[in-house]
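Engineer: predicted coordinates and the sequence they were generated for:
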Amino acid sequence: MLRHAVGAAALALAVASADPAAAQRVRAGVLTCDISAGIGFILGSQKGVVCTFAPEPPGPQQVYSGSISKFGLDVGATGGAVMVWAVFTDSLAPPGPAFLAGDYFGATGQVTVAAGLGANVLIGGSNNTVALQPVSVSTSVGLNVALGVAELHLRPGP
């Protein structure tokens, strides 16, 4: 588990420092996720998500559900939050159905006091060909500190 977490963190940091265009990635759309309220337990937390993917060029929106987990320091309680990611892929083909279904991993850092901010960079999907880069940071209400590795699991449907 630790080896997986360290590898995911290293991959996320490498992607975070690289320009998506330089990696020949193409913006495929925007993913907006509503994250449920929850409590962090020192070594991690898991919260439910419902997400909507708006493809570019415009096409039918796709709905996903799943969970986001944090491993590492995660202490406190927060209300719900919204995360918006720009979705990049290495393909020029239009996104098909269930395009974003899969598992995503990356580093995370967040501090929340009353209304706070956080950011996550995640890599995954089919054969790790999708990068999710934050466009709008999360907003939440509560008191929480979270540092570590994040996992986002998405499946088609609400």
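Structural biologist: That came through fine.
Engineer: state the phi and psi torsions of Ser126.
Structural biologist: Here the main-chain torsion angles of Ser126 (degrees, to the nearest 10) amount to phi -70, psi 120.
Engineer: identify the spatial nearest neighbour of it, chain neighbours not counted.
Structural biologist: In space, and not counting its chain neighbours, Ser126 is closest to Gly102: 6.0 Å by CB to CB, 6 or more residues apart in numbering. The C-beta positions use only the backbone N, C-alpha and C, and glycine is treated the same way.
Engineer: pretty sure the one you found is touching Asn127, no?
Structural biologist: No - between Gly102 and Asn127 there is no contact under CB atoms under 8 Å: 9.0 Å.
Engineer: tell me the pLDDT at Gly66?
Structural biologist: For Gly66, the pLDDT comes out at 94.
Engineer: I'd say it and Leu152 touch.
Structural biologist: Yes - contact criterion CB under 8 Å: Gly66 and Leu152 qualify, at 6.8 Å.
Engineer: what sits in contact with each of these two?
Structural biologist: Val49 (CB atoms under 8 Å, 6 or more residues apart in numbering).
Engineer: who has more neighbours out of those two?
Structural biologist: Leu152 (27 against 22; other CB atoms under 10 Å).
Engineer: and that one, which helix or strand is it part of?
Structural biologist: Following DSSP states H and E, the helix or strand that holds Leu152 is strand 138-156.
Engineer: pull out the buried residues from the helix or strand encompassing Arg27.
Structural biologist: Taking DSSP H and E as the criterion, Arg27 maps to strand 26-35. Using 16 or more other CB atoms under 10 Å as the test for burial, strand 26-35 gives 28-33, 35.
Engineer: tell me which of these has the lowest pLDDT.
Structural biologist: For the buried residues of strand 26-35, the least confident entry is Ile35, with 80.
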